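>>> this is a predicted model, with the sequence first.
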Amino acid sequence: MRVRLLPSPPLPGALNMALDDALLARARETGEVHVRAYAWARPTLSLGRNQRAAGLYDPDRLAERGIDVVRRPTGGRAILHWREVTYAVTAPLGVLAPADAPLKAAYARINAVLLAALRAMGVPAREAVPAGRAPLPDGAPCFEVPTGGELVLDGPDGARKLVGSAQWREEGALLQHGSILLADDQTTVGTLATRPLPPVPPPATLGEALGRMPPLDEVTAALFDAARALLDPDATLLDDRELAALDAAAGARAAHYRDGRWTWRR
């Protein structure tokens with residue numbers, strides 16, 4: 001397995017999604033696994049691929065509050081990206097996990113990397129125990145409840161979600177990405193809707209767990225160290241030539257994620 005690493009500066013939502021999409025295509029073409037860590041240039045509400053949002057979230061109302069909106073290529077429910085670090089992993093099917101169970105086993109392997117990174121930072125996260133079926137892709141926020149396999153922190157009031165993840169498979173490769181919360185922006189997601197949504201209990205955050213908000217580069221370094229320890233000790237950064245090609249591919253895909261016909265298709 002060859003792993004390539006990509007630290008990214010804060011970018012607009014459409015370009016962030018386009019880069020993850022381009023990394024999915026690159027994994028398919030090169031056979032490599034990619035681990036990316038990034039942030040967002042503006043507060044951005046991201047919608048799951050199949051989540052119903054038209055009529056529930058109003059783009060004009062979001063714009064008035066200074067919030068962008070984008071629809072992810074992956075599933076799941078709404079997340080407000082701002083005070084967080086987002087990770088993305090892309091890989092050909094059968095590389096991170098056996099070909100006969102690529103998604104579930106790959107999810108567990110990526111979780112192992114995330115847990116190693118968090119624990120190296122001093123955060124005692126764990127996987128949530130499965131309890132019933134995963135929530136439907138309705139209008140509710142992603143951090144409303146933890147589902148089986150998501151990463152949580154235990155506290156006096158029980159387990160609270162720290163990392164929300166989603167996955168997508170396409171033409172022989174998979175993308176998994178998710179939010180590692182630095183602070184709580186998720187309890188405000190329900191207030192962005194045009195009708196009342198179920199309240200979101202306060203999630204766990206790195207800021208609370210560590211008593212400080214770690215910067216993007218600290219979380220990125222922990223994630224990349226864990227990838228080297230568990231996936232590929234010789235993992236390297238993409239070089240300038242590869243980055244230029246990736247940026248061109250992402251630029252070509254960004255229009256799709258800016259298109260209201262995609263964002264508000266459901």
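Received it, and whenever you're ready, just let me know what you need. Numbers count the residues shown, from 1 in each chain.

>>> the residue nearest the centre of the chain: which element?
Residue closest to the average C-alpha location in the chain (Cα atoms, centre = their mean): residue 178, at 1.8 Å. According to DSSP states H and E, residue 178 maps onto strand 173-181.

>>> what's downstream of that strand, the next helix or strand?
Sequence-wise, the next helix or strand downstream of strand 173-181 (DSSP H and E) is helix 206-210.

>>> what pLDDT is listed against residue 130?
Model confidence at residue 130, given as pLDDT, is 66.

>>> buried residues, stretch 32-50. List them.
For stretch 32-50, burial by neighbour count (16 or more other Cβ atoms under 10 Å) applies to 32-40, 43-49. Using the backbone N, CA and C atoms, a C-beta is placed for each residue, glycine as well.

>>> and the residue nearest to the centre of the chain, what does it touch?
86, 87, 163, 164, 165, 166 (Cβ atoms under 8 Å, 6 or more residues apart in numbering).

>>> give me the buried positions along the top strand by length along the chain.
Looking across the chain with DSSP state E, the single longest strand is strand 158-170. By 16+ other Cβ under 10 Å, the buried positions in strand 158-170 come out as 159, 160, 161, 162, 163, 164, 165, 166, 167, 168.

>>> dump those residues to CSV, plus distance to residue 17 and pLDDT.
Listed next are the buried residues of strand 158-170 as CSV, based on distance: Cβ to Cβ, whole Å; pLDDT from 0 to 100:
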residue, distance to residue 17, pLDDT
159, 29, 87
160, 27, 91
161, 22, 92
162, 22, 95
163, 18, 95
164, 16, 90
165, 15, 92
166, 12, 91
167, 14, 92
168, 11, 93
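
>>> by contact count, what packs against the longest strand of the chain?
Counting contacts by 3 or more Cβ pairs under 8 Å, 6 or more residues apart in numbering; DSSP states H and E, strand 158-170 is packed against helix 102-120, strand 151-155, strand 173-181.

>>> local confidence estimate at residue 197?
80.

>>> right, and residue 49 touches residue 72 too?
Yes: using Cβ atoms under 8 Å, residue 49 is in contact with residue 72, at 5.9 Å.

>>> what sits against residue 54?
When contacts are counted by Cβ under 8 Å, 6+ apart, residue 54 touches 264, 265, 266.

>>> how many residues are close by residue 60?
6 (other Cβ atoms under 10 Å).

>>> likewise for residue 211?
Neighbourhood size, residue 211 [other Cβ under 10 Å]: 8.

>>> the strand holding residue 178 pairs with which strands, and in what direction?
Using DSSP bridges, strand 173-181 pairs in its sheet with strand 84-92 (antiparallel), strand 158-170 (antiparallel).

>>> which members of the buried residues of stretch 32-50 are the farthest-apart pair?
32 and 43 (32.1 Å; Cβ to Cβ).
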